[in-house]
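>>> could you work out the structure for the sequence below:
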Amino acid sequence: RARTSHAHVFITMASWCTAADKAALAASGLAEAAVSVLCQSHESADRRMLSDEVTLAGLASANNTIFLLFATALVFFMQSGFAMLCAGSIRAKNVKNILLKNVLDAAVGAIFWYLFGYGIAFGVPGDGNSNRFMGEADFALGISAVGPSGGNDWIWFLFQWSFAAAAATITSGAMAERTQFAAYLGYSALLTGFVYPVVVHWCWSSDGWISSFNSSKWSGVGFIDLAGSGVVHMVGGFAGLMGAIMLGPRTGRFGMNGQPVPMPGHNATLTVLGTFVLWVGWYGFNPGSVYALKDLGSAEQVGRSAVMTTLAAATGGVATLFLHRAFNKVWDLVAVCNGILAGLVSITAGCAVLDIYMALFAGFIGAFVLFGSSKLLLKLRIDDPLEAFPVHGACGMWGVLAVGLFAKEKYLGDENNDRYGALMGGNGRLFGVQLLGCVAIILWTCGILGPFFFVLKQAGLLRTSAEEEAAGLDESKHGGSAYNNA
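Below is the predicted model of the structure:
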């Protein structure tokens, strides 16, 4: 503001300096150099203003980079939360195995996101004509990193990689304790290098066929998923569901009559620690997905997203506590942790477009979605050790649909038409697009990974042997137990 005012003074003074003005100033005793400075030309003043604008633009770009780097660190820190949650939720004999998979989700994910994923998600050919299904350029950062973006592709690549790693980690939780390590490496590479990036392109690229960032968006209405209830959590959750179905349940998980046999995790302390770490990381996941901190409007959106995230998580946890008390007659700690995560997933799509009451409601209903889908899996004898599909797949779908029902008109910047939440007075078109997006994500994810897991199963490469499973994957595959009690 001070710089702009300063430039304005120079323009005003330049307008005073006619020849007579200059003569009068010189007659007053001012040195020639002083007169020259006071009477500088409009061109000089314009250059000064342009310099001010460039400086402010550079500062804004630097500020956005710092903002996204901080958000990336929080999202990447979620990998440690997933690691603790996974380790605590399974039996002690398989802890090394699941921790190694969590570490490699980041490492393998980074390599395949670099080689293929980023280009498929956001790559635009040199002629600017990208198709609506998937990106066609920028593989291995071949164009973007040195393109005209001023370096923004570096931080954008990193931020989006942290989301890709999260999607792969969700899948590994659903398939824990009985998956061959080679099969894990295969689906992790496929998910981060192809399946997930295609969905990112659809929904978050400016060229995606259903993206709200596409000026020629579907029926004039774009798919709204700010931080990935559908893009990240549904992809990871439904991929995990396909894996769990093809693997079959862990040995002894269901009795002869089909009743589930409890297989509790070995360490509730790790489960709680992982839940809190994930909750902290979500403040990078959701507010960070505003993408920029450039003015008061974006600052307000970041703050509102953080508050909605908090309230939905809290409501999901408390609602789940009382649900389990009502049906199971216990105050279940692990269930509350999953309820918090269900609330977080349920608000991830709409944290910036739902008001406070609807955020509370989204977390509340998320608890019921978690409870019901968990019971359904057990009824179908599908073994998901971490409830990855109920938390991420089912609640992710609910989060996407909640936007179609409850998105507020003023938060969409759409006050001149009725393309907002169907139950908030909208015409239902947004809900239709949200539902279409969910169906597309399910068909794509299951259609690719279902056959992939089936082929691995037929080739004997998907599930470990009964002997290895009984001994524990740590002893049979990783050189011994994670716990040295000697």
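>>> strands of the protein, start to end?
Secondary structure of the chain (DSSP state E): no strands present.
>>> how about the nearest residue to residue 355, chain neighbours excluded?
For residue 355, ignoring the flanking residues on the chain, the nearest one in space by C-beta to C-beta, 6 or more residues apart in numbering is residue 408 at 5.2 Å. The way it works is simple: take the backbone N, C-alpha and C, and place the C-beta from them, glycine included.
>>> number of nearby residues for the one you found?
One way to gauge burial is a neighbour count; for residue 408, by other C-beta atoms under 10 Å, it gives 18.
>>> now it: how far from residue 129?
As for residue 408, its distance to residue 129 is 36 Å (criterion: C-beta to C-beta, to the nearest Å).
>>> now swap in residue 292 and tell me
From residue 292 to residue 129 the distance is 26 Å (C-beta to C-beta).
>>> can you check residue 404 too?
Distance of residue 404 to residue 129, given as C-beta to C-beta: 31 Å.
>>> please identify which of those two sits among more neighbours.
Summary of the neighbour comparison: residue 404 and residue 129, criterion other C-beta under 10 Å, with residue 404 having more neighbours (28 against 9).
>>> so who does the more buried one touch?
Under the criterion of C-beta atoms under 8 Å, 6 or more residues apart in numbering, the neighbours of residue 404 are 421, 422, 430, 431, 432, 433, 434, 435.
>>> show me what contacts residue 179?
Applying C-beta under 8 Å, 6+ apart to residue 179 gives the contacts 172, 243, 247, 462, 463, 464.
>>> can you give me the helices for the stretch 51-200 of the chain?
95-112, 118-122, 152-174, 181-190, 196-204 (DSSP state H, counting those that start in this stretch).
>>> would you mind putting these into TSV with distance to residue 379 alongside?
Conversion of these to TSV gives the following (distance: least, C-beta to C-beta, whole Å):
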stretch	distance to residue 379
helix 95-112	26
helix 118-122	37
helix 152-174	17
helix 181-190	26
helix 196-204	29
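>>> and those helices: which comes nearest residue 75?
helix 152-174 (4.0 Å; C-beta to C-beta).
>>> what is the orientation angle of the closest one with helix 181-190?
Using axes from the mean of the first three to the mean of the last three C-alpha atoms, to 10 degrees, the interaxial angle of helix 152-174 with respect to helix 181-190 works out to 140 degrees.
>>> show me what helix 152-174 is packed up against.
Counting contacts by 3 or more C-beta pairs under 8 Å, 6 or more residues apart in numbering; DSSP states H and E, helix 152-174 packs against helix 42-89, helix 95-112, helix 118-122, helix 181-190, helix 196-204, helix 235-247, helix 268-285, helix 388.
>>> ok, residue 141 touching residue 157?
Yes: between residue 141 and residue 157 there is a contact at 6.5 Å, judged by C-beta atoms under 8 Å.
>>> now do the shared contacts for the two.
Common neighbours of residue 141 and residue 157 are listed as 114, 118 (criterion: C-beta under 8 Å, 6+ apart).
>>> who has more neighbours, these two?
Here residue 141 and residue 157 are set side by side on neighbour count (other C-beta under 10 Å), and the busier one is residue 157, at 21 against 17.
>>> for residue 142, see how far away that one is.
12 Å.
>>> repeat for residue 367
Distance, residue 367 to residue 142, using C-beta to C-beta: 46 Å.
>>> same thing with residue 75?
Taking C-beta to C-beta as the measure, residue 75 and residue 142 are separated by 25 Å.
>>> more neighbours: these two, which one.
residue 75 (27 against 12).
>>> if we can go back for a sec, got the helices and strands packed on helix 152-174 as JSON lines, with distance to residue 338 and mean pLDDT columns?
Formatted as JSON lines, the entries for these read as follows, by distance: least, C-beta to C-beta, whole Å; pLDDT from 0 to 100:
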{"stretch": "helix 42-89", "distance to residue 338": "9", "mean pLDDT": "80"}
{"stretch": "helix 95-112", "distance to residue 338": "17", "mean pLDDT": "95"}
{"stretch": "helix 118-122", "distance to residue 338": "29", "mean pLDDT": "93"}
{"stretch": "helix 181-190", "distance to residue 338": "23", "mean pLDDT": "94"}
{"stretch": "helix 196-204", "distance to residue 338": "23", "mean pLDDT": "96"}
{"stretch": "helix 235-247", "distance to residue 338": "13", "mean pLDDT": "97"}
{"stretch": "helix 268-285", "distance to residue 338": "8", "mean pLDDT": "97"}
{"stretch": "helix 388", "distance to residue 338": "10", "mean pLDDT": "97"}
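>>> out of these, the one nearest residue 23 is which?
Residue 23 sits nearest to helix 42-89 of all those, at 20.2 Å, using C-beta to C-beta.
>>> residue boundaries of the helices in the stretch 351-486 of the chain?
Listed in chain order (using DSSP H, counting those that start in this stretch), the helices of the stretch 351-486 of the chain are 356-379, 388, 395-406, 429-458, 466-471, 473-477.
>>> any chance of TSV for the ones you listed, columns distance to residue 266?
Below are these laid out as TSV (distance: least, C-beta to C-beta, whole Å):
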stretch	distance to residue 266
helix 356-379	20
helix 388	18
helix 395-406	25
helix 429-458	27
helix 466-471	16
helix 473-477	12
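>>> to residue 238, which of those helices lies closest?
Taking C-beta to C-beta, helix 429-458 is the member of the helices of the stretch 351-486 of the chain nearest to residue 238, at 4.5 Å.
>>> how about the closest one: buried residues?
Neighbour-count burial for helix 429-458, with 16 or more other C-beta atoms under 10 Å as criterion, is recorded at 429-431, 433-438, 440-442, 444-445, 448-450, 452-453, 456-457.
>>> one more: stretch 106-120?
Of the residues in stretch 106-120, those buried by neighbour count under the rule 16+ other C-beta under 10 Å are 106, 108, 109, 110, 112, 113, 114, 116, 117, 118, 119, 120.
>>> run the chain-centre distance for it.
16 Å (C-alpha atoms, centre = their mean, to the nearest Å).
>>> what is the end-to-end distance of that stretch?
19 Å (C-alpha to C-alpha, to the nearest Å).
>>> contact partners of it?
Contacts to stretch 106-120, defined as C-beta under 8 Å, 6+ apart, come from residues 76, 79, 134-142, 144, 157, 160-161, 164-165, 168, 185, 188-189, 192-194, 196-198, 200-201.
>>> select only the buried ones of the residues you listed in ChimeraX?
Here the buried members of these are turned into a ChimeraX selection, burial being counted by 16+ other C-beta under 10 Å:
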select :76,79,134,135,136,137,138,139,141,144,157,160,161,164,165,168,188,189,192,193,196,197,198,200,201
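>>> residue 234 is in contact with residue 395, isn't it?
No: no contact is recorded between residue 234 and residue 395 when judged using C-beta under 8 Å, the distance being 9.3 Å.
>>> more neighbours, these two?
Here residue 234 and residue 395 are set side by side on neighbour count (other C-beta under 10 Å), and the busier one is residue 395, at 36 against 31.
>>> what ranges in the stretch 301-450 of the chain fall below the confidence cut-off?
Counting by pLDDT under 70, the ranges of the stretch 301-450 of the chain that qualify are 414-418.
>>> let's see that with 80 instead.
Applying pLDDT under 80 to the stretch 301-450 of the chain flags the ranges 413-419.
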